[in-house]
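> What follows is a predicted protein model with its sequence.
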Amino acid sequence: MSIGVRIVFFVAIVAMHIFIYFVLFRNLSDNPIIRHFGKAIIICNMLFIIIFLKLYHTNINPVLYTILSSSIGIFWIAFCVCVIALIVRLVILGFFGSLTLYQLSFWISIISCCFIAFFSVLSFYINSKEHVISRQEIAIKGLKESINIALLTDMHIDVLMDKGKVASLVDNVNGLNADIIALGGDVVDNYYDIVKDSVNELGRLRAKYGIYYVLGNHEYHYDVYKILDSLKSMGINTLLNQSITLNNIGINISGIADVVGYMSAFRNTPLAPNLDEALKNVNSNFPTILLSHQPKIIKYLSNQDISLILSGHTHGGQLFPFDYLVLLDQPFVDGLHKFRHGDRESQIFISRGVGWWGMPMRLFKRREINLLTLTPA
C-alpha cells in the first residue's frame with residue numbers, strides 16, 4: 001500500500017470515528033464526564049485498529065489479536081448504526097422539529113448503543129459456529145461424467161486459524177470424499193515459519209484426482225515462494241498460471257495468479273497473472289475449470305473458452321452491509337452466476353470462505369465449505 005493510500009485510509013478512519021462520537025456520545029448527555037468517556041472509547045478503538053494493522057503480520061498473542069482486531073468489526077458496526085441514527089434524527093427534525101429531537105436524542109443514543117452491542121455479540125457468535133457444507137449442482141457443457149469438487153477458500157491460516165482448526169477443516173473436507181479439492185487462495189495469511197505447523201495439516205488432504213491451489217492476494221504479503229514450495233512438497237498442485245488436464249475424466253483444471261500481481265512490484269515476475277499462459281496447454285476438447293481467487297478476473301476475459309470459474313476473496317461481505325461495498329470492486333459477492341465475455345457465456349461460483357479476515361466476526365453469513373457437483377449439461 002502506497003504512502004498516499006495509507007494517508008487517505010488514516011484520514012478516513014479518523015473522520016469516521018469523529019462522526020461516531022458526534023452522533024453517539026455528544027447527544028447522549030450534556031455531562032462532560034460522559035462526553036469525555038465517549039471520547040476515550042473512540043480514541044482507544046482507533047488506536048487499537050492502528051496497532052492491529054501494525055502487528056498483523058507478526059506472531060501476536062491470540063488473545064491480544066482478538067481484542068485488537070475486533071476493534072475493526074465493532075467500528076464498522078458502530079458506523080453503520082450511527083448512519084441510521086443520523087437519518088432518524090434528520091427525519092424527526094424535519095417532521096417534528098428541534099424540540100422533539102432534543103427530547104428524543106438521549107433515547108436515540110441509548111438505543112443505538114444497544115444495537116451496536118447486540119450486533120457485535122451476534123457477529124462473534126455467528127463466526128464461532130462451525131462452518132456449513134454448502135452444496136451446489138452446476139451443469140457443464142461437454143462434461144463426460146459427474147464430478148464432485150470441494151472448494152475451500154479464504155482459510156487465512158494465522159494465529160487464530162491455528163493447527164487445531166485447520167486439522168478439523170481437513171478432516172471435514174476429507175469426509176466429503178470429493179473427486180477434486182480446490183484451494184482458492186488466501187489459505188495462508190502470515191509468514192510460513194510462524195504458521196508452518198498449521199499449514200502442514202493441509203498435507204493430509206486427500207482427493208481422488210488431486211488437490212489444486214491458487215494464490216490469493218494475502219499470500220503476496222509474505223514469503224510467497226516459500227509458501228508455494230511448502231504446499232508443492234505436500235503433493236498439492238500449485239497452479240501459477242498453469243493448467244493440468246485430467247484425461248481420464250475429461251476436464252482441464254487451470255489456475256491463475258491473483259490479480260494483485262498486476263501491481264508494479266510483481267508485474268514482471270512469475271507472480272503476475274497471465275491468462276494466456278494459464279490456458280496455453282488446455283485440451284480444447286474438454287471443458288476448462290479456472291481457479292481464480294478474485295471474481296473480478298472476469299473483467300480481464302476476452303472470449304477465452306472457460307466453462308466455470310471458482311473464486312473466493314469476498315467472504316460474502318463478512319460483516320453486513322459490507323456486501324454492498326464489495327460490489328464496488330467485485331462483480332458478485334457470492335454464489336453461482338452466469339456472465340458473458342465476448343461471444344461466450346460462462347459461469348462463476350464464489351465461495352463465502354471458511355475463515356475470516358482480521359476480526360473473528362461475521363454478520364448474517366456463515367463460514368462455508370462448498371461441495372460442487374459438476375454434471376453434464
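The structure has been received and is ready for your questions. Predicted model, so just to flag it, every value in this text is computed and none were measured.

> Please pull out the lowest mean pLDDT helix or strand from the chain.
helix 3-20 (a mean of 85; mean pLDDT, DSSP states H and E).

> who's in contact with it?
Outside of helix 3-20, the residues that reach it under the criterion CB atoms under 8 Å, 6 or more residues apart in numbering are Met1, Ile42, Ile43, Asn45, Met46, Ile49, Ile50, Phe75, Ala78, Phe79, Cys82. For the C-beta atoms, the positions are set from N, CA and C on the backbone; glycine is no exception.

> In helices, which of those appear?
Among the contacts of helix 3-20, the residues falling in helices (DSSP state H) are Ile42, Ile43, Asn45, Met46, Ile49, Ile50, Phe75, Ala78, Phe79, Cys82.

> any idea of the pLDDT on the last one?
Among the per-residue scores, Cys82 holds a pLDDT of 94.

> so how many other residues sit close to it?
21 (other CB atoms under 10 Å).

> before we move on, what about the third one?
Burial measure for Asn45: 18 neighbouring residues, criterion other CB under 10 Å.

> Do you have the strands of the stretch 151-300 of the chain handy? List them.
Secondary structure of the stretch 151-300 of the chain by DSSP state E, counting those that start in this stretch: the strands cover 180-183, 211-213, 237-238, 242-246, 251-255, 288-291.

> Could you name the helices and strands sitting against the shortest one?
Yep, that's strand 237-238 we're talking about. Secondary-structure packing of strand 237-238 (3 or more CB pairs under 8 Å, 6 or more residues apart in numbering; DSSP states H and E): strand 211-213, helix 224-233.

> what is the orientation angle of the helix or strand hosting Gly94 with helix 3-20?
Gly94 belongs to helix 62-96 when assigned by DSSP states H and E. Taking axes from the mean of the first three to the mean of the last three CA atoms, to 10 degrees, helix 62-96 and helix 3-20 form an angle of 60 degrees between their directions.

> Let me see the contact set for Leu336.
Counting by CB under 8 Å, 6+ apart, Leu336 makes contact with Gln136, Ile138, Gln347, Ile348, Phe349.

> what about the closest residue to Ala178 other than its chain neighbours, is that helix, strand or coil?
Distances taken as CB to CB, 6 or more residues apart in numbering place Ala150 nearest to Ala178, at 3.7 Å, with adjacent residues excluded. Using DSSP: H, G, I helix; E, B strand; the rest coil, the structure places Ala150 in strand.

> Test my guess that Ala150 contacts Asn172.
No - using CB atoms under 8 Å, Ala150 is not in contact with Asn172; the gap is 9.2 Å.

> deepest of the helices and strands packed on strand 237-238, which one?
Mean neighbour count, computed with mean count of other CB atoms under 10 Å, is highest for strand 211-213 among the helices and strands packed on strand 237-238, reaching a mean of 25.

> Show me which of Ala150 and Asn172 is the more surrounded one.
Remark: of Ala150 and Asn172, Ala150 carries more neighbours, 24 against 16, as counted by other CB under 10 Å.

> beta partners of that one?
Per DSSP bridges, the residues bridged to Ala150 are Ile181, Leu371.

> Ends of stretch 169-184, what's the gap?
15 Å (CA to CA, to the nearest Å).

> Same question for it: list its buried residues.
The neighbour-count check on stretch 169-184 (16 or more other CB atoms under 10 Å) flags Leu169, Val170, Asn172, Val173, Leu176, Ala178, Asp179, Ile180, Ile181, Ala182, Leu183, Gly184 as buried.

> and what of stretch 284-295?
Phe286, Pro287, Thr288, Ile289, Leu290, Leu291, Ser292, His293, Gln294, Pro295.
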